[in-house]
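In: For reference, the sequence and a predicted model appear below.
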Amino acid sequence: MTDWGNSHYVGICKGVMRQITDAEILDLTHNISPYNVREAMYILDRSVDYFPEKTVFLIVVDFGVGTARKAIAVETDKYYFVAPDNGILTLVLERHIPRKIVDLVNKKYHFGTSRTFHGRDIFSPAAAYITKGIFDELGTRLPNYATLPYRKAHLTPNGAYGEVAYFDRFGNIETNIPFSWIAEKDAVKINVGKKTYEVPVVETYADVDEGELLVHEDSTGYVEIAVNKGIAREKLKCFEGNELEILF
Amino acid sequence: MTDWGNSHYVGICKGVMRQITDAEILDLTHNISPYNVREAMYILDRSVDYFPEKTVFLIVVDFGVGTARKAIAVETDKYYFVAPDNGILTLVLERHIPRKIVDLVNKKYHFGTSRTFHGRDIFSPAAAYITKGIFDELGTRLPNYATLPYRKAHLTPNGAYGEVAYFDRFGNIETNIPFSWIAEKDAVKINVGKKTYEVPVVETYADVDEGELLVHEDSTGYVEIAVNKGIAREKLKCFEGNELEILF
Amino acid sequence: MTDWGNSHYVGICKGVMRQITDAEILDLTHNISPYNVREAMYILDRSVDYFPEKTVFLIVVDFGVGTARKAIAVETDKYYFVAPDNGILTLVLERHIPRKIVDLVNKKYHFGTSRTFHGRDIFSPAAAYITKGIFDELGTRLPNYATLPYRKAHLTPNGAYGEVAYFDRFGNIETNIPFSWIAEKDAVKINVGKKTYEVPVVETYADVDEGELLVHEDSTGYVEIAVNKGIAREKLKCFEGNELEILF
């Protein structure tokens, strides 16, 4: 999982891994918006549970290459994760509790020494070595990992509270509020970015007029805010991480 | 084959399949225009014969998720197909005659229960189980499948008749008329969208002036209508499925 | 490696190869700019060394399909290459010296006979047969291969000389001048396209004001010319292959 599009950087990292391991390499996605750690955090969290046990997730969405942020590998009961220590694992590690965290400082398991392409030189080789049973040797143990602050969803009798998680490629607003919390409502009030909107709760886009707002259930069970044939992101002028209130 | 671009939806479906089967997963394309069943129907038909026997084709181009359209699996002499029953298999099943069609209603072989992501929950697991020899168990037998109406190509002494199949990413017009039917002509008259155009039959774009129409052979042997350094789709203002007459 | 994007042409070629060989197929990239042989030449050269020995590189960036340019396969000490003979291998074969070059004329090892899709009909099957140990049989021996003229980088006490290699997707200018040659400088003079620019040598984009030029090291060790939050390609109005002087 990267923000590199389908560039040769992806191919190079696969070549590096293939020099170390025969394990199968599957692409989760390379279409994360550039440097968008919050989007990657949410999409990773909504994707991992569809993969087999012992999968090693290699995640490179990294605005901090060349800075002091660490490169880490994490072992959990079910999966392994290799990523920059920039908060990208925040959500996924709430559900998959770390057993071991390693700071990937052992140069013996690096592939090169560039300051700008840690995906190739540090992250990819680490992921490949993990498939061979090498983990502790990759570096030194860490007690903890970086987290990204976010607003946890919660429910009260008056409403559901959470945040703007990310935008999909159509500008639909993805949230971290479970749809089941509002499924029984016909319409809700949405407070976001200092404004309030009255929005119907529907099944599909076509249930409202063109240009009108709607909320419905996305494919992973969360509330999605959309505009029929329009761009919700522009209509609501909100940003990722914005506070979101859905009042009943 | 999907219309999802290179999003994490593709990766998730591969993860689901990998929990069921070790069979190799190849991407045909995920760049079908969103919801464009006609385009997918043509591209699938022009692609399958390059794949080995026993290939299971998993196709999710589906404007009807959540509606009454069925999810089906089809067994033919050479291949298997798993797709929404929305006509997308029309062309390919004219050449590869169905031996068995199954309505994928057996929940034992589903992966989840979302109303909006049947690719993950119904189609992907079905394709994976077929690689393990499971077919009849996936649901109940169907006598037939849905077809998309289209204008079959035919030839008369006066001309060749067919339809606008789809547009490629440059706006070139792909047709369902075999190029061999017009290969001996120097120029033809094209009737489409109530207008008539005089068009030379050439080998490459550069054989006409910039902005001029041409017809030539596409890579699968059909007539392609193009504009040298231009967009044929806009110049001819036609639509997919439009009747097309090429008069001699 | 192709310039086809993620279209079904890529999938079809994989299907063809899979009918011949079980060897693993990895994508290097399909995002080369259409017909841009110079860009492909540089990117290939900067990618191959990350792949295991005996890798067969299949490269189809080909403005000459249907013309007299040959289709070739090349054996070197470490790798195999299958590509149109249009200069695309110029750089990579300077470092990996050819042992054998074959003109892929043996129709027994072709898959079809189209004039417009040699990727499917000639290049893909050849790459697949090479993984099975078939090489000499693919055609007739050639004494040489086509090269693309380019300006080799060289260093004098006054400056470093080379060319504009290609543009990345952000419009940054990639060069063929090793960054180590200018790493100790604080600023340089760049002559390109008949104009001269004073440019600081920095570590990251943010080290200059928005809209200002900078040079820094790219991920493969070469000089990259960029504009902080801007498009260097437009600011410098230069082209691929342009002469480039970096004066001290």
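Out: Ah, there it is. Residues are numbered from 1 along each chain as shown, chains lettered A, B, ... in the order given.
In: number of nearby residues for A:G211?
Out: By other Cβ atoms under 10 Å in any protein chain shown, the residues close to A:G211 number 10. For the C-beta atoms, the positions are set from N, CA and C on the backbone; glycine is no exception.
In: and it, what element?
Out: A:G211 is part of no helix or strand when elements are defined by DSSP states H and E.
In: residues contacting it?
Out: A:227-230 (Cβ atoms under 8 Å, 6 or more residues apart in numbering or on different chains).
In: Now with 10 Å, please.
Out: A:227-230, A:235 (Cβ atoms under 10 Å, 6 or more residues apart in numbering or on different chains).
In: now A:E240
Out: A:33, A:36-39, A:42, A:150, A:163-167, A:173-174, A:233.
In: what are the C-alpha coordinates of stretch A:159-178, in CSV please?
Out: Output in CSV follows, covering the C-alpha atoms of stretch A:159-178 (Å, rounded to 0.1, in the frame of the first residue of the first chain):
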residue,chain,number,x,y,z
GLY,A,159,-26.7,12.2,18.0
ALA,A,160,-23.6,10.5,16.6
TYR,A,161,-20.2,12.1,16.7
GLY,A,162,-17.0,11.5,14.8
GLU,A,163,-14.9,13.0,12.1
VAL,A,164,-14.4,13.3,8.3
ALA,A,165,-12.2,10.3,7.7
TYR,A,166,-11.3,10.8,4.0
PHE,A,167,-12.6,11.6,0.6
ASP,A,168,-13.0,9.0,-2.1
ARG,A,169,-12.1,9.8,-5.7
PHE,A,170,-15.6,11.2,-6.4
GLY,A,171,-15.4,13.7,-3.5
ASN,A,172,-17.8,11.7,-1.4
ILE,A,173,-17.2,12.2,2.3
GLU,A,174,-16.3,9.1,4.2
THR,A,175,-16.8,9.2,8.0
ASN,A,176,-15.9,7.0,11.0
ILE,A,177,-19.5,6.8,12.2
PRO,A,178,-21.1,3.4,11.9
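In: hang on, the earlier thing: near chain B, which of the contacts of A:G211 show up?
Out: Among the contacts of A:G211, none lies close to chain B by the criterion of Cβ under 10 Å from any Cβ of the partner chain.
In: okay, A:K229: pLDDT?
Out: A:K229 is assigned 89 on the pLDDT scale.
In: ok, now how distant is the closest residue to A:K108 other than its chain neighbours from chain C?
Out: Ranked by Cβ to Cβ, 6 or more residues apart in numbering or on different chains and with sequence neighbours excluded, the top spatial neighbour of A:K108 is A:E137, at 7.8 Å. With the distance defined as Cβ to the nearest Cβ, to the nearest Å, A:E137 ends up 22 Å from chain C.
In: In three-state terms, how would A:E137 be classified?
Out: At A:E137 the chain is in helix, as set by DSSP: H, G, I helix; E, B strand; the rest coil.
In: Quick check, it in contact with A:K107.
Out: No - taking contacts as Cβ atoms under 10 Å, A:E137 lies outside contact range of A:K107: 11.8 Å.
In: On the C-terminal side of the longest helix seen in chain A, identify the next helix or strand.
Out: In chain A, with assignment by DSSP state H, the single longest helix is helix A:8-18. Counting by DSSP H and E, the next helix or strand C-terminal to helix A:8-18 is helix A:37-45.
In: do the helix or strand just after that next one and chain C meet?
Out: Counting by DSSP H and E, the element after helix A:37-45 in chain order, helix or strand, is strand A:56-58. No - counting by Cβ under 10 Å from any Cβ, chain C has no neighbours in strand A:56-58; the shortest distance is 14.8 Å.
In: can you give me how far strand A:56-58 is from the chain middle?
Out: What separates the centre of strand A:56-58 from the centre of its chain is 13 Å, taken as Cα atoms, centre = their mean, to the nearest Å.
In: Sheet-wise, list the partners of it with their directions.
Out: Applying DSSP bridges, strand A:56-58 is found paired with strand A:80-84 (parallel).
In: Restrict the strand it pairs with to CA atoms and write it as CSV.
Out: Coordinates of each C-alpha in strand A:80-84 appear next as CSV, following Å, rounded to 0.1, in the frame of the first residue of the first chain:
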residue,chain,number,x,y,z
TYR,A,80,2.7,-8.1,10.6
PHE,A,81,3.0,-4.4,9.6
VAL,A,82,6.0,-2.6,8.2
ALA,A,83,5.6,1.2,7.9
PRO,A,84,6.9,4.6,8.8
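In: what helix or strand is A:E163 on?
Out: strand A:159-167.
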